[in-house]
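Colleague: just to be clear, the model below is a prediction. Sequence and coordinates:
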Amino acid sequence: QDGSTWHQTHESIQRHSKYLSQHGSKLFDEESSPGLDHARQRLKHYGKVAITKHLLSAIDHQTLSQVWRYCFYQPIGLYRRFDEDEKAANADKANAIINEGSGYFQQLLDLLTANQPITGTKLWFHSQPLPNTRVLPDAVIQCVYQMLLWQGDLARYQAAVNTNLPSTHPDLARAAESYRQAQCLQPDNGSAWNQLAVAEAAQSEVNQLQLIYYYVRAVDVTHPFPSADKNLVQALLRLSHKDLELSAEAVDDVGYCTSNAISIRQAMVAQVLDLVASLLRQHNLDGFESRCHHTLHLVRAQLVAVGSHRGQANEIDTAGDMQQLAVVLMHVLHETSAIDGVSGCARYLAYNVCTALFDRVGDMLRLSVFPDSVDLSRMLMSVHIWLLYLTTRDVMLPLEQQAQHTTTVKLCTATVALLNALQTRSQSADNSSRGLEACPLPERTELAGWTILNEVLRHSSPPSPTTDELQTRLSALLRLGREVCQQLPLCFKYNPKTQVFHCKQSERSSSATTPARHAPATNGMMTAMAQLRLEAQVASLQTQLETKAVVVTSPYVIPDTAAFANNLSLLKELVASSKFIIIVTEAVLMGLDLLKKGTQRLNRGAREATRYLETMLRKGTVGVRMQQPFERVDSLQMMPDEMTHEMVGLLACLRYYALQVCQSPAMVTLLTADPLLLETARDEQLHAIATGTFHRQAKQELAGGSVENGSGRGRDRSRGRGRGRG
């Protein structure tokens, strides 16, 4: 236990490691084998002593890595380089080495987890036992994680040695199980996910969707596997033309899907992965909408097959396919979100697949297609992941910006219909609870460590446990649905009194999915309520101004794109002072999005402004307000031909606040450096001020000084006209 004992153990390990490194290539020679086998046994012995008596020192010096490398990995690597005749002659010895390694690492695992069995804990509703890590120190977790990976590798090597057995024999299943246990120990490490992909690729019939899913998970973690991104690209490039030809035939025969569910499933996977490859590689996007339409036809066909032919549907595991498909599409959307053209295609595909699933599961809930609640629970796992997806950063802002787009309306309508069907099913289910221990649903454990959903999972609360799995899932999904309504108020609304979800964009879809007495409030009523809130806010600000001796700058500020990109620090100070409210128009958001690409100062400012606005709008900061669709008054006068779409949108918003909310043009200011915009606002007797002038006035006011209100006729000659338009 003292320093000298560890020193002696470490010296012995180094000595035997060096010997095996120099002579290990002769392990399969009959003459040299006995001496090398003795060195291997001694190295294993000292490795075990180091782990049992000097654990922390052994971990610091990577003792087990040396044991793995020279006792097992090096001999197996030597065997794998043999030709076929040599492999057949040495297969028994290779199997003996692999079995020896499996037993050795299992002994060490038992020692390290003597009081906390590594496979003794089973999460509620989960089919596989998962490690209990709450009482294991971090150093031990890292050590156990590595040994589980090695055990999986040994099982995979054994499957390769026993070539006379089918490639689906239990060794590959045992390898996958070890990798899954390692993944649960360290969800933010991509090594286990990459090894799961390697094990899947070793199967005789590779599940292409699952393979891509594993590589995506190996990439999208805090500590990704170094070559996982290259492996993902190679897997997409290897998509066989045979699969795509099969999918093309299945599109024509989609009417017979209920009698050919497995073929439909293969066709759907091939088509989707072909689209994913096109998006990630940013090529072959011609005719994307038509190809996407065919793919969605197959997705719906597979979902229909679930209720029609239960035997085949269980074999193809539609719920698992939809879950993995969600993850792959979220990865594509995240990777292409900043690429013009590609991001729109990715969003179109993701939204439509999500809509197809929500439509089908909602129908199943209403028509009670599933007599067995277990099948319904498996489908709800996929619904859970898609709902989490709607609350991510990549989706919330585009959904609100394109709230009236046809694809968005379809998605929101299907989401509302599904949530209301869940609400009805939940009210008719057993609501009893017996105080079971709260634990995460299995898909949340599966998604732990995934960077795209990290923030969402961290802030969402676990479901309340009940006596049956279905009711717990319904409770979790309904709670998540209410969170979606809070975060996307332009798209969804939840009425707590009637317990009904509503779609903001479509009154018809709301009335079709809910009883007539639960119809949502009309758009006019919602507009009136919003205007009342604004008028109260304006009255409060006017009261503050009237108490001052001198009139100061207007409390409402509507900056243009260039103001956000060039003067973000000033706007941040205005928000922090609680004296101003920044109005963000839809036209400005679009302008910032167009300016994001590039390396100039203006481009960098646009990217920083976009991030800041996303953060402020998500938090619901009082000083930053998003323009609502009805908050515009278009001019009856003829606009100059040089006016851009952004200028027209800014003036329409300025008119609304000046005439209908503040009822005083001086209470709201348009902030711009564009001479044409300043001149047009002055002609309409609206208040606009040059960026430089406003900057000086606001600085003096924030510093405690008082200034006269700007005339709105000044021009900032330091900026060019073209640059002012952004």
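Modeller: Yep, that arrived.
Colleague: the helices in the stretch 301-450 of the chain, which residues?
Modeller: Along the stretch 301-450 of the chain, the segments classed as helices by DSSP state H, counting those that start in this stretch run 310-316, 318-336, 342-367, 373-390, 393-401, 406-428, 442-447.
Colleague: then the stretch 101-250 of the chain?
Modeller: Taking DSSP H, counting those that start in this stretch as the criterion, the stretch 101-250 of the chain carries its helices at 138-161, 170-185, 191-201, 208-219, 228-237, 241-252.
Colleague: before we move on, what SS does Gln628 have?
Modeller: Of the three states, Gln628 takes coil according to DSSP: H, G, I helix; E, B strand; the rest coil.
Colleague: where does it fall, phi/psi-wise?
Modeller: Torsion angles at Gln628 (phi, psi; degrees, to the nearest 10) stand at phi -90, psi 160.
Colleague: tell me how many other residues crowd it.
Modeller: Per other Cβ atoms under 10 Å, the neighbour tally for Gln628 reads 17. For glycine as for every other residue, the C-beta is placed from the backbone atoms N, C-alpha and C.
Colleague: ok, Leu27 next?
Modeller: The number of residues near Leu27, taken as other Cβ under 10 Å, comes to 21.
Colleague: give me the distance between it and Met647.
Modeller: Distance of Leu27 to Met647, given as Cβ to Cβ, to the nearest Å: 78 Å.
Colleague: swap in Asn603?
Modeller: 21 Å.
Colleague: hang on, the earlier thing: so which of the helices of the stretch 101-250 of the chain is the most surrounded?
Modeller: helix 208-219 (a mean of 25; mean count of other Cβ atoms under 10 Å).
Colleague: list of residues touching it?
Modeller: For helix 208-219, the external contacting residues (Cβ atoms under 8 Å, 6 or more residues apart in numbering) are 190-191, 193-194, 196-197, 200-201, 224-225, 228-229, 231-232, 235-236, 239, 243, 269-270, 272-273, 276, 320-321, 324-325, 327-328, 331, 450.
Colleague: export it as PDB, just CAs?
Modeller: The C-alpha coordinates for helix 208-219 follow below in PDB (Å, rounded to 0.1, in the frame of the first residue of the first chain):
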ATOM      1  CA  GLN A 208     -28.900   0.800 -42.400                       C
ATOM      2  CA  LEU A 209     -31.000   3.200 -40.400                       C
ATOM      3  CA  GLN A 210     -29.700   1.900 -37.100                       C
ATOM      4  CA  LEU A 211     -26.100   2.100 -38.400                       C
ATOM      5  CA  ILE A 212     -26.500   5.800 -39.300                       C
ATOM      6  CA  TYR A 213     -28.300   6.400 -36.000                       C
ATOM      7  CA  TYR A 214     -25.300   5.000 -34.000                       C
ATOM      8  CA  TYR A 215     -22.800   7.100 -36.000                       C
ATOM      9  CA  VAL A 216     -24.900  10.200 -35.500                       C
ATOM     10  CA  ARG A 217     -24.900   9.600 -31.700                       C
ATOM     11  CA  ALA A 218     -21.200   9.100 -31.800                       C
ATOM     12  CA  VAL A 219     -20.800  12.500 -33.400                       C
END
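Colleague: from the chain's centroid, how far away is it?
Modeller: With Cα atoms, centre = their mean, to the nearest Å as the basis, helix 208-219 stands 14 Å off its chain's centre.
Colleague: where does the residue most central in space within the chain land on pLDDT?
Modeller: Of all residues in the chain, the one closest to the mean position by Cα atoms, centre = their mean is Ile452, 3.2 Å from it. For Ile452, the pLDDT comes out at 80.
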